[in-house]
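J.: Sequence plus the predicted model coming up.
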Amino acid sequence: MTIITRFAPSPTGTLHIGSARTALFNYLFAKKHGGKFVLRIEDTDRERSKKEFEAGILESLAWLGLTYDDMYRQSERTPIYTKYLKELVKKDLAYVSKEEGVGEGKSAEVIRFRNPNKNVTFKDLILGEISFDTTELKDFIIAKDFQTPLYNLAVVIDDYEMGITHVIRGQDHISNTPRQILMIEALGLLIPSYAHIPLILAPDRSKLSKRHGALSTLEYRQMGYLSEAIINFLALLGWHPKDDRELFSLNDLIKEFELERVQKGGAVFDITKLDWLNREYIKILPHDLLFSKIKEELLDVPNSQAERLLPIILERINKWGDIITIKEELKFFWQFPDYDPQKLIWKEGTKEKTLEALMKVKENLAALDSFDEKSIKNSIWLFAETKGKGAVLWPMRYALSGRDKSPDPILIASVLGQKETLQRLQIAIEALTR
RNA sequence: GGCCCUAUCGUCUAACGGUUAGGACGGAAGCUUCUCAAGCUUUAAAUCCGGGUUCGAUUCCCGGUAGGGUCACCA
């Protein structure tokens, strides 16, 4: 039997990162077993469904690399639902119900399912046996009319028509399952296997919502995360391999994924772990690709310096979006820094000692023929060790960067070049003398 | 509130009756050029509570507590 899974989002909003994980698990399970992964756009609600949301969903899946074998839109399948609806009513398994009172967008007639009021039990692949008493469901509404099915009915019909063998969806759908099983049984269809995956939670363990920051999949792309990192991170949220490996490509995941190893409880979305993962993926990117990506953000930086700045920036970012922040912190490289001269003095130093250090450093650097890191270090190191490294390096670094935190002074000097370095040291000396 | 589900370090999780309760992120400390970043090393940190079952419970059962989901003519 070919395994067929489906991802069934409704285009009523952007693709939630949790939905992306649902799509991933469906994709992994299908591919792992050589089956098919179907995308089904659940747009029966004409009011709320929007074409641009559908486009966003498609773009998200494409970005993540989750390719589907078939795609359907429920809005294009009305005749199929009508056929089943008529069958249901004809067999008296459902009936047209006259609704009392209330107007306001509500129809006077709807189609209700004749609830047999029985106990429904199913074996969830992740949670185990779950049972419900369906009497409290009453004769629930399954369609507004013969042309307008509601969610639960459309799902049942489509899952059957599309040959879905495994329904893998979020745990928020558990309570829909008994309704769907009731209809499946009424229609005499095959009950698929169910796997309800745990929900993704916010840091405070509440439902992940907009106030907790980004939600939509594409927003993560915009922040500069790699799709590989997102995939890897999402997989690890609620699933765990047999060993302690943490880094998985999509293909690795296909090999290793097992529903049996999916967690039962919800998992908190921890962005710092995502950052770490993303950095792991950045680190293994080819250098030319890496550098060209960073260069895109450095168009306003002098070319001679941009090249040297690449590795400095690279070791300070977790994601592409960080480049902008780091760039701001490194601005002193191509822009003379404005600073408080008093801060040139090291915490354990004095004004006199600082001046002495700056002048000595300047003198030594002025005498250099080549201005690479090694030469610079050699020319000042002995002096720095006698006077105390902090007493020499702090003023030097501050004179060059004007910042409390920065790369080391020797590296800065070499990037700045001899002329600029001497100039900045001179300015610092003058500022301190004044 | 009814119904359903869940419960191991702060977080993601491993351990399918017997382990010094393991790994990772984050944290702390140290080293590496003063500061930062990166890197390396070290380290702290958990079985929700109470009953059973058992020679032995993180693990099985029951109760409590806490958290989550769901109760639409949305999906």
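T.: Thanks, I have the structure now.
J.: Would you mind confirming that residue A:345 makes contact with residue A:399?
T.: No - checked against C-beta atoms under 8 Å, the pair residue A:345 and residue A:399 is beyond contact range at 11.1 Å. (Glycine included, C-beta is placed from N, CA and C.)
J.: quick one: which of those two has more around it?
T.: Using other C-beta atoms under 10 Å, the more surrounded residue of residue A:345 and residue A:399 is residue A:399, with 29 against 20.
J.: Looks like that one contacts residue A:423 (just checking).
T.: No - Residue A:399 is beyond contact range of residue A:423, at 10.1 Å (criterion: C-beta under 8 Å).
J.: can you list contacts of stretch A:141-149?
T.: Contacts of stretch A:141-149 with the rest of the structure, by C-beta atoms under 8 Å, 6 or more residues apart in numbering, involve A:44, A:74, A:78, A:81-82, A:85-86, A:88, A:94, A:97, A:107, A:109-113, A:150, A:152-153, A:157, A:183.
J.: Of those residues, grab the buried ones for ChimeraX.
T.: Remark: buried members of these, expressed as a ChimeraX selection using 16 or more other C-beta atoms under 10 Å:
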select /A:44,74,81,82,85,88,94,110,111,112,113,150,152,153,157,183
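J.: Let's see which of the contacts of stretch A:141-149 end up in strands.
T.: A:94, A:97, A:109-113 (DSSP state E).
J.: Take the residues you listed and write them to a markdown table, including distance to RNA strand B and pLDDT.
T.: Output for the ones in strands among the contacts of stretch A:141-149, formatted as a markdown table (distance: C-beta to the nearest atom of the strand, whole Å; pLDDT from 0 to 100):
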| residue | distance to RNA strand B | pLDDT |
| --- | --- | --- |
| A:94 | 13 | 97 |
| A:97 | 9 | 95 |
| A:109 | 8 | 93 |
| A:110 | 5 | 96 |
| A:111 | 9 | 97 |
| A:112 | 9 | 97 |
| A:113 | 11 | 98 |
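J.: tell me which of the residues you listed is nearest to residue A:256?
T.: residue A:113 (40.8 Å; C-beta to C-beta).
J.: Now for residue A:262: which residues touch it?
T.: Counted by C-beta under 8 Å, 6+ apart, residue A:262 has contacts A:25, A:126, A:195, A:197-198, A:238-239.
J.: circling back to that earlier point, nearest to residue A:432, of the ones in strands among the contacts of stretch A:141-149?
T.: Closest to residue A:432, out of all of those and judged by C-beta to C-beta, is residue A:110, at 83.6 Å.
J.: who's the closest residue to the closest one other than its chain neighbours bridged to?
T.: Leaving aside its sequence neighbours, residue A:110 sits nearest to residue A:141 (C-beta to C-beta, 6 or more residues apart in numbering; 4.9 Å). Residues in a beta bridge with residue A:141, per DSSP bridges, are residue A:112.
J.: picking that back up, the ones in strands among the contacts of stretch A:141-149 into TSV, with extra columns for distance to residue A:353?
T.: Listed next are these as TSV, based on distance: C-beta to C-beta, whole Å:
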residue	distance to residue A:353
A:94	91
A:97	91
A:109	92
A:110	87
A:111	89
A:112	89
A:113	87
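J.: among those, which two are most distant?
T.: Every pair of the ones in strands among the contacts of stretch A:141-149 checked by C-beta to C-beta; the farthest is A:109 and A:113, at 14.7 Å.
J.: Strands along the stretch 101-250 of chain A, start to end?
T.: Ranges of strands within the stretch 101-250 of chain A are A:109-113, A:119-124, A:128-133, A:141-145, A:148-149, A:166-170, A:193-197, A:200-201, based on DSSP state E, counting those that start in this stretch.
J.: The first one - contacts with which helices or strands?
T.: Secondary structure elements in contact with strand A:109-113, counted by 3 or more C-beta pairs under 8 Å, 6 or more residues apart in numbering; DSSP states H and E, are helix A:78-90, strand A:94-98, strand A:141-145, helix A:177-187.
J.: do the same with the second one
T.: Applying 3+ C-beta pairs under 8 Å, 6+ apart, we find strand A:119-124 packed against strand A:128-133, helix A:177-187, strand A:193-197.
J.: Could I get these in CSV, plus columns for distance to residue A:388?
T.: Below are these laid out as CSV (distance: least, C-beta to C-beta, whole Å):
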stretch, distance to residue A:388
strand A:128-133, 67
helix A:177-187, 71
strand A:193-197, 59
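J.: Just send the ones you listed back as a markdown table, with mean pLDDT too.
T.: Below are those laid out as a markdown table (pLDDT from 0 to 100):
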| stretch | mean pLDDT |
| --- | --- |
| strand A:128-133 | 95 |
| helix A:177-187 | 97 |
| strand A:193-197 | 97 |
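J.: so which of the ones you listed comes closest to RNA strand B?
T.: strand A:128-133 (4.4 Å; C-beta to the nearest atom of the strand).
J.: Neighbouring strands - and their directions - for the closest one?
T.: Using DSSP bridges, the strands paired with strand A:128-133 are strand A:119-124 (antiparallel).
J.: now the angle from the strand it pairs with to strand A:193-197?
T.: Calculated by axes from the mean of the first three to the mean of the last three C-alpha atoms, to 10 degrees, strand A:119-124 forms an angle of 70 degrees with strand A:193-197.
J.: Just want the angle from strand A:119-124 to strand A:166-170.
T.: 90 degrees.
J.: near RNA strand B, anything from strand A:119-124?
T.: No - using C-beta under 7 Å from any atom of the strand, we find that strand A:119-124 stays clear of RNA strand B, coming within 7.8 Å at best.
J.: For that strand, buried residues please.
T.: For strand A:119-124, using 16+ other C-beta under 10 Å, the buried residues are A:120, A:122, A:124.
J.: mind checking how far it is from the chain centre?
T.: 34 Å (C-alpha atoms, centre = their mean, to the nearest Å).
J.: which other residues reach that strand?
T.: A:129-134, A:174, A:177-178, A:181-182, A:191, A:194-196.
J.: Could I have the buried ones of those as PyMOL selection syntax?
T.: Remark: buried members of these, expressed as a PyMOL selection using 16+ other C-beta under 10 Å:
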select buried, chain A and resi 132+134+174+177+178+181+182+191+194+195+196
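J.: For RNA strand B, tell me which of the contacts of strand A:119-124 show up nearby.
T.: Among the contacts of strand A:119-124, RNA strand B is touched by A:129-133, A:174 when using C-beta under 7 Å from any atom of the strand.
J.: between those residues, which is closest to residue A:21?
T.: residue A:174 (16.6 Å).
J.: wait, isn't the closest one in contact with residue A:196?
T.: Yes - with contacts defined as C-beta under 8 Å, residue A:174 counts as touching residue A:196 at a distance of 5.2 Å.
J.: Can you check the pLDDT for the residue of the stretch 251-400 of chain A found nearest RNA strand B?
T.: Among all residues of the stretch 251-400 of chain A, residue A:265 sits closest to RNA strand B, at 2.6 Å; criterion: C-beta to the nearest atom of the strand. Residue A:265 is assigned 95 on the pLDDT scale.
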